[in-house]
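Engineer: when you get a sec, could you give me coordinates for this:
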Amino acid sequence: MSFQDLQTSIGCWDFDPLSQSSAISHRRKLIQLRKAALDSPVTRNIVFCVHILRHDAEVKTDMRPLPLFAHSSSLRTVTLEAPLQTTPDAWSQIWIARVASPEANDLGRVILKFSQPSMIPIPDLMDTYWMSCTPPRLLARQEDYIYRMLLAAQGSAVLYYFGLHDVTMPNGEVAYLLAMEYIEGITVAQWTDSLPKCSAHPESNPDVFADRLETLKHALVLVYRSMTAIHASNVIQVYTRGSNMIMHPSAEAPTHVILVDFGLGRTPCSPQEEMTERRKGFMTLFCCKHHSQSLREWTMGGLPADLNDSAFD
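Structural biologist: Numbering: from 1, shown residues only. Below you'll find the model as predicted:
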């Protein structure tokens, strides 16, 4: 099935979108499930059983090593440890979890992304907008499709991905769960926010200005390398912003910028869309107009040979 066929598949809906009575009945059910979900929230130490998929891509020397639990496909328990996003009306609930098996109590950490129908925004059926809402099952299946297309980039430009699973939540509702690699690091947005404020008169301290510019150049090369890798798989991230990029292994000495969150990812992508994405990637590193202008001028001829397509040609 193509990505376009998936988007128009009626099988991704939990009700008949062409029937008003079916839609009304489903909305009432979601409201009841929302109340039950808030009364029985997802909390630390809840355990799910999932069949973690073995990662089939060749692990090369410049890639992160596979977690222990990903060397074979088998049933694992995942225990929720720390929430990353749990507010009602977010488009997903995200947790860090510990992976275990009958033989080993701790096989590492994993990110779990839940698409829970009652916890995403419930549309008002009096508003025609509800017909354009993406159903939760489709949201999960679209991101699953994109991650499978990104197999060659997993372990370097994007997270290792361990499959889409159906799980039963504490309120009895079936949710769609994506499991992916957990890594250390901070986001590009957190990093740029932590940088000291730039001087309004950079000529007053040219060495400080030059040092910051070199740091930004290095970061931009890492951003562009990851973007180039996903574009080579004919994918664009769409939701391209600094909070969806992780500097790894640390902000002090990053070797990769890892792109996360492909909930809005699309395929195929055109050269024009790739250029737009690169411009958005450039803007994630904005710290002041002086550095932005100098960085933009540098991209016209200073990028490494394999990244010499400036976003501003």
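Engineer: contacts only, for L139.
Structural biologist: 91-92, 115, 120, 176, 263 (CB atoms under 8 Å, 6 or more residues apart in numbering). Any C-beta I mention is one placed from the backbone N, CA and C, and that applies to glycine too.
Engineer: redo those residues as CSV? Include neighbour count.
Structural biologist: As requested, these are arranged in CSV below (neighbours: other CB atoms under 10 Å):
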residue, neighbour count
W91, 16
S92, 24
S115, 24
I120, 21
Y176, 22
G263, 20
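Engineer: turn the residues you listed into a markdown table, including distance to I24, secondary structure and pLDDT.
Structural biologist: Listed next are the contacts of L139 as a markdown table, based on distance: CB to CB, whole Å; DSSP: H, G, I helix; E, B strand; the rest coil; pLDDT from 0 to 100:
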| residue | distance to I24 | secondary structure | pLDDT |
| --- | --- | --- | --- |
| W91 | 23 | coil | 82 |
| S92 | 25 | coil | 90 |
| S115 | 22 | strand | 92 |
| I120 | 18 | coil | 83 |
| Y176 | 23 | strand | 95 |
| G263 | 27 | coil | 91 |
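Engineer: now distance to T192 too, for the residues you listed, in a markdown table please.
Structural biologist: Output for those, formatted as a markdown table (distance: CB to CB, whole Å):
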| residue | distance to T192 |
| --- | --- |
| W91 | 24 |
| S92 | 24 |
| S115 | 29 |
| I120 | 29 |
| Y176 | 33 |
| G263 | 23 |
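Engineer: nearest to I52, of those residues?
Structural biologist: Nearest to I52 among those is Y176, at 15.8 Å by CB to CB.
Engineer: do I have it right that that closest one meets S115?
Structural biologist: Yes: contact criterion CB atoms under 8 Å: Y176 and S115 qualify, at 4.4 Å.
Engineer: list residues touching both of the two?
Structural biologist: 136-137, 139-140.
Engineer: show me where the protein has helices.
Structural biologist: 3-7, 20-39, 136-149, 188-194, 206-232, 271-283, 289-299 (DSSP state H).
Engineer: okay, these in JSON lines with mean pLDDT next?
Structural biologist: As requested, the helices of the chain are exported to JSON lines (pLDDT from 0 to 100):
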{"stretch": "helix 3-7", "mean pLDDT": "67"}
{"stretch": "helix 20-39", "mean pLDDT": "86"}
{"stretch": "helix 136-149", "mean pLDDT": "92"}
{"stretch": "helix 188-194", "mean pLDDT": "95"}
{"stretch": "helix 206-232", "mean pLDDT": "95"}
{"stretch": "helix 271-283", "mean pLDDT": "93"}
{"stretch": "helix 289-299", "mean pLDDT": "93"}
